[in-house]
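A.B. asks: for reference, the sequence and a predicted model appear below.
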Amino acid sequence: MREALRVLSATGMIELRPGKGAYVVSNKKNSIISIQNWFTEKHAELDELIEVRMAIEPLALKLAIRRASNEEIQQIIAIHDAFTDAVKTYDNIELATLDESFHNAIVEASGNRLLIKIGRLISDPMMEFRLRSFGVKKNIDHATEPHGEIAKSMLNRDEIQGSLAMIKHLDIAREDMNLVVNSSKE
């Protein structure tokens, strides 16, 4: 229940008021204009989040490739498969949740306690980014192939391929964010 409220709060559909409860704010789907406005408003903060992800996620993936058990790798593959299936429905809430699970599972599989703490610290602000980003269909398509490359690198235990795939994935996420921001200025 807590996770569902967190997701709904991140989408802007409810407002969580400490000690009072959850209140419906809007029942409208994100329009492209509201997505553009949100990305424009949050651009500097999101750019910093991506910079931090660029520092920790390639390292987390390298460590996960070295240290992950076969079961952990299979769990990450299963999350990727579920993400690929969810692409067909374009449900941005499900996609954002699966994307978060995919990246968190990689960080957890690194076995590095500090990376795990940092990953958890940026997880909440990233959820809103994911929800809004997956409100744009091409951003969904842009995440699918890199996730597949990352999963493949884990199966092959290929640290170099994994690092390159993660960097490419995060570069694409940054480009998608910048395209949304720049299109709102036109």
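C.D. replies: Nice, thanks for sending it over.
A.B. asks: what is the least confident helix or strand in this protein?
C.D. replies: One helix or strand of the chain scores below all others by mean pLDDT, DSSP states H and E: helix 2-11, with a mean of 61.
A.B. asks: hey, where'd the helices end up in the protein?
C.D. replies: Under the criterion DSSP state H, the chain contains helices at 2-11, 32-67, 70-87, 92-109, 113-133, 137-156, 159-185.
A.B. asks: hey, least reliable of these by pLDDT?
C.D. replies: With a mean of 61, helix 2-11 has the lowest mean pLDDT of the helices of the chain.
A.B. asks: one step back: most tightly surrounded among the helices of the chain?
C.D. replies: Compared across the helices of the chain, helix 92-109 shows the largest average neighbour count, a mean of 22 (mean count of other CB atoms under 10 Å). C-beta here means a position set from N, CA and C on the backbone, and glycine is covered the same way.
A.B. asks: for it, packing partners?
C.D. replies: Contacts defined by 3 or more CB pairs under 8 Å, 6 or more residues apart in numbering; DSSP states H and E place helix 92-109 against helix 2-11, helix 32-67, helix 70-87, helix 113-133, helix 137-156.
A.B. asks: of all these, which lies closest to residue 99?
C.D. replies: Closest to residue 99 of the helices and strands packed on helix 92-109 is helix 113-133 (CB to CB; 5.2 Å).
A.B. asks: hmm, back to that, could you dump the helices and strands packed on helix 92-109 to TSV with distance to residue 99?
C.D. replies: Shown next, in TSV, are these (distance: least, CB to CB, whole Å):
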stretch	distance to residue 99
helix 2-11	12
helix 32-67	12
helix 70-87	7
helix 113-133	5
helix 137-156	6
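A.B. asks: quick one: closest of these to residue 166.
C.D. replies: The closest of the helices and strands packed on helix 92-109 to residue 166 is helix 32-67. By CB to CB, the value is 4.6 Å.
A.B. asks: nearest residue to residue 94 other than its sequence neighbours?
C.D. replies: Leaving aside its sequence neighbours, residue 94 sits nearest to residue 86 (CB to CB, 6 or more residues apart in numbering; 4.8 Å).
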